[in-house]
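Enquirer: what's the 3D shape of this:
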Amino acid sequence: MWWRVEQRKFEAQKGEGNRRAMKRIVGSGRVPGILAYHNDRPVGWCSVAPREEFPRLERSRILKPVDDEPVWSVVCFFIAKDYRRRGLSVHLLQAAVDYVREQGGKIVEGYAVDPKKDKMSDLFAYHGLAAAFRKVGFREVARRSETRPIMRLAVAG
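Expert: Model (predicted):
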(Lines give C-alpha, C1' and ligand atoms only; values in the text may rest on other atoms or scores of the structure.)
Protein backbone atom coordinates (compact mmCIF):
# COMPACT_ATOMS: atom_id res chain seq x y z
CA MET A 1 0.00 0.00 0.00
CA TRP A 2 3.01 2.28 0.44
CA TRP A 3 2.94 3.50 -3.18
CA ARG A 4 -0.85 3.82 -3.23
CA VAL A 5 -1.40 6.26 -0.35
CA GLU A 6 0.18 9.34 1.18
CA GLN A 7 2.77 8.82 3.93
CA ARG A 8 0.42 10.17 6.58
CA LYS A 9 -2.33 7.73 5.63
CA PHE A 10 0.07 4.79 5.32
CA GLU A 11 1.37 5.42 8.85
CA ALA A 12 -2.14 5.90 10.25
CA GLN A 13 -3.36 2.56 8.88
CA LYS A 14 -0.06 0.68 9.33
CA GLY A 15 -0.38 -3.08 9.69
CA GLU A 16 -3.93 -4.34 9.73
CA GLY A 17 -5.35 -1.13 8.24
CA ASN A 18 -3.13 -1.43 5.18
CA ARG A 19 -4.01 -5.13 4.83
CA ARG A 20 -7.70 -4.22 4.88
CA ALA A 21 -7.11 -1.49 2.29
CA MET A 22 -5.42 -4.01 -0.03
CA LYS A 23 -8.27 -6.47 0.51
CA ARG A 24 -10.72 -3.72 -0.52
CA ILE A 25 -8.77 -3.20 -3.76
CA VAL A 26 -8.90 -6.93 -4.52
CA GLY A 27 -12.55 -7.14 -3.47
CA SER A 28 -13.41 -4.33 -5.87
CA GLY A 29 -12.24 -6.49 -8.77
CA ARG A 30 -9.11 -4.45 -9.50
CA VAL A 31 -5.95 -6.50 -9.90
CA PRO A 32 -3.18 -4.93 -7.80
CA GLY A 33 -0.43 -7.21 -9.04
CA ILE A 34 0.84 -10.58 -10.18
CA LEU A 35 1.44 -13.58 -7.92
CA ALA A 36 3.91 -16.41 -8.47
CA TYR A 37 3.16 -19.84 -7.05
CA HIS A 38 5.22 -22.95 -6.42
CA ASN A 39 3.20 -26.08 -5.61
CA ASP A 40 0.07 -24.02 -4.81
CA ARG A 41 2.07 -21.81 -2.42
CA PRO A 42 2.52 -18.09 -3.17
CA VAL A 43 6.25 -17.32 -3.39
CA GLY A 44 6.40 -14.01 -5.25
CA TRP A 45 4.55 -10.78 -5.96
CA CYS A 46 4.89 -7.96 -8.48
CA SER A 47 2.80 -4.82 -8.04
CA VAL A 48 1.56 -3.46 -11.38
CA ALA A 49 -1.21 -0.99 -12.22
CA PRO A 50 -1.79 2.21 -14.16
CA ARG A 51 0.62 4.87 -12.89
CA GLU A 52 -2.22 7.03 -11.55
CA GLU A 53 -2.94 4.35 -8.92
CA PHE A 54 0.44 5.18 -7.34
CA PRO A 55 0.23 8.81 -6.19
CA ARG A 56 3.64 8.69 -4.50
CA LEU A 57 5.26 8.51 -7.93
CA GLU A 58 3.86 11.94 -8.73
CA ARG A 59 5.55 13.47 -5.70
CA SER A 60 8.96 11.89 -6.31
CA ARG A 61 11.57 14.11 -7.93
CA ILE A 62 13.49 10.99 -9.03
CA LEU A 63 10.49 9.03 -10.34
CA LYS A 64 8.37 11.90 -11.67
CA PRO A 65 6.81 11.37 -15.11
CA VAL A 66 9.16 11.21 -18.08
CA ASP A 67 6.49 12.53 -20.46
CA ASP A 68 2.71 12.64 -20.86
CA GLU A 69 2.34 9.09 -22.20
CA PRO A 70 -0.07 6.88 -20.24
CA VAL A 71 1.95 4.13 -18.59
CA TRP A 72 1.44 1.14 -16.36
CA SER A 73 3.90 1.05 -13.47
CA VAL A 74 5.73 -1.82 -11.83
CA VAL A 75 6.59 -0.41 -8.41
CA CYS A 76 7.75 -3.34 -6.30
CA PHE A 77 8.46 -7.03 -5.96
CA PHE A 78 8.45 -9.49 -3.12
CA ILE A 79 10.19 -12.84 -3.48
CA ALA A 80 10.10 -15.36 -0.62
CA LYS A 81 13.58 -15.85 0.80
CA ASP A 82 13.99 -19.45 -0.41
CA TYR A 83 13.13 -18.38 -3.98
CA ARG A 84 15.46 -15.41 -4.38
CA ARG A 85 18.30 -15.33 -6.92
CA ARG A 86 16.55 -17.87 -9.17
CA GLY A 87 15.18 -15.51 -11.81
CA LEU A 88 11.66 -15.36 -10.38
CA SER A 89 11.53 -11.57 -10.67
CA VAL A 90 12.14 -11.91 -14.43
CA HIS A 91 9.19 -14.31 -14.70
CA LEU A 92 6.99 -12.03 -12.61
CA LEU A 93 7.96 -9.05 -14.72
CA GLN A 94 7.17 -10.91 -17.94
CA ALA A 95 3.80 -11.92 -16.49
CA ALA A 96 3.15 -8.27 -15.57
CA VAL A 97 3.95 -7.20 -19.15
CA ASP A 98 1.59 -9.88 -20.50
CA TYR A 99 -1.13 -8.70 -18.12
CA VAL A 100 -0.71 -5.06 -19.18
CA ARG A 101 -0.94 -6.12 -22.84
CA GLU A 102 -4.16 -8.05 -22.09
CA GLN A 103 -5.58 -4.92 -20.44
CA GLY A 104 -4.80 -2.80 -23.49
CA GLY A 105 -1.85 -0.94 -21.97
CA LYS A 106 0.79 0.39 -24.37
CA ILE A 107 3.78 1.16 -22.13
CA VAL A 108 5.08 -0.56 -18.99
CA GLU A 109 7.41 1.43 -16.79
CA GLY A 110 9.57 0.28 -13.88
CA TYR A 111 11.65 2.09 -11.30
CA ALA A 112 14.55 -0.30 -10.96
CA VAL A 113 17.65 -0.26 -8.84
CA ASP A 114 20.99 -0.39 -10.64
CA PRO A 115 23.44 -1.13 -7.82
CA LYS A 116 26.93 0.33 -7.82
CA LYS A 117 28.32 -2.98 -6.54
CA ASP A 118 27.69 -6.51 -7.78
CA LYS A 119 26.01 -7.49 -4.52
CA MET A 120 23.34 -5.59 -2.68
CA SER A 121 21.13 -6.38 0.28
CA ASP A 122 17.80 -7.98 -0.59
CA LEU A 123 16.25 -5.27 1.57
CA PHE A 124 17.01 -2.67 -1.12
CA ALA A 125 16.08 -4.77 -4.16
CA TYR A 126 12.29 -4.60 -3.76
CA HIS A 127 11.96 -2.18 -6.70
CA GLY A 128 13.51 -4.83 -8.95
CA LEU A 129 16.98 -4.84 -10.43
CA ALA A 130 17.69 -3.07 -13.71
CA ALA A 131 19.28 -6.31 -14.98
CA ALA A 132 15.94 -8.14 -14.60
CA PHE A 133 14.10 -5.40 -16.49
CA ARG A 134 16.70 -5.56 -19.28
CA LYS A 135 16.25 -9.33 -19.58
CA VAL A 136 12.57 -8.77 -20.33
CA GLY A 137 13.38 -6.11 -22.94
CA PHE A 138 12.98 -2.87 -20.99
CA ARG A 139 15.19 0.09 -21.93
CA GLU A 140 16.35 2.95 -19.75
CA VAL A 141 14.51 6.19 -20.60
CA ALA A 142 15.60 8.46 -17.73
CA ARG A 143 17.96 8.49 -14.78
CA ARG A 144 17.67 11.23 -12.20
CA SER A 145 19.68 9.33 -9.61
CA GLU A 146 22.90 7.38 -10.03
CA THR A 147 21.30 4.07 -9.05
CA ARG A 148 17.62 4.53 -10.08
CA PRO A 149 16.96 4.25 -13.82
CA ILE A 150 13.43 4.54 -15.13
CA MET A 151 12.91 1.59 -17.46
CA ARG A 152 10.25 1.25 -20.18
CA LEU A 153 8.91 -1.36 -22.53
CA ALA A 154 6.48 -0.64 -25.37
CA VAL A 155 3.82 -3.34 -25.36
CA ALA A 156 2.60 -4.59 -28.73
CA GLY A 157 -1.14 -5.20 -29.11
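Enquirer: low-confidence regions, the chain specifically.
Expert: Scanning the chain with the threshold set as pLDDT under 70 gives 1-5, 7, 10, 18, 118-124, 157.
Enquirer: check contacts around the closest residue to Val26 other than its chain neighbours.
Expert: The shortest distance from Val26 to any non-neighbouring residue, by Cβ to Cβ, 6 or more residues apart in numbering, is to Pro32 (6.5 Å). From N, CA and C alone the C-beta is placed, and that goes for glycine too. When contacts are counted by Cβ atoms under 8 Å, 6 or more residues apart in numbering, Pro32 is found next to 22, 25-26, 47, 49.
Enquirer: what packs against the lengthiest strand in the chain?
Expert: Of all the elements of type strand in the chain, the one with the most residues (DSSP state E) is strand 41-50. Judged by 3 or more Cβ pairs under 8 Å, 6 or more residues apart in numbering; DSSP states H and E, the packing partners of strand 41-50 are strand 33-38, strand 72-79, helix 88-102.
Enquirer: most tightly packed of these?
Expert: strand 72-79 (a mean of 23; mean count of other Cβ atoms under 10 Å).
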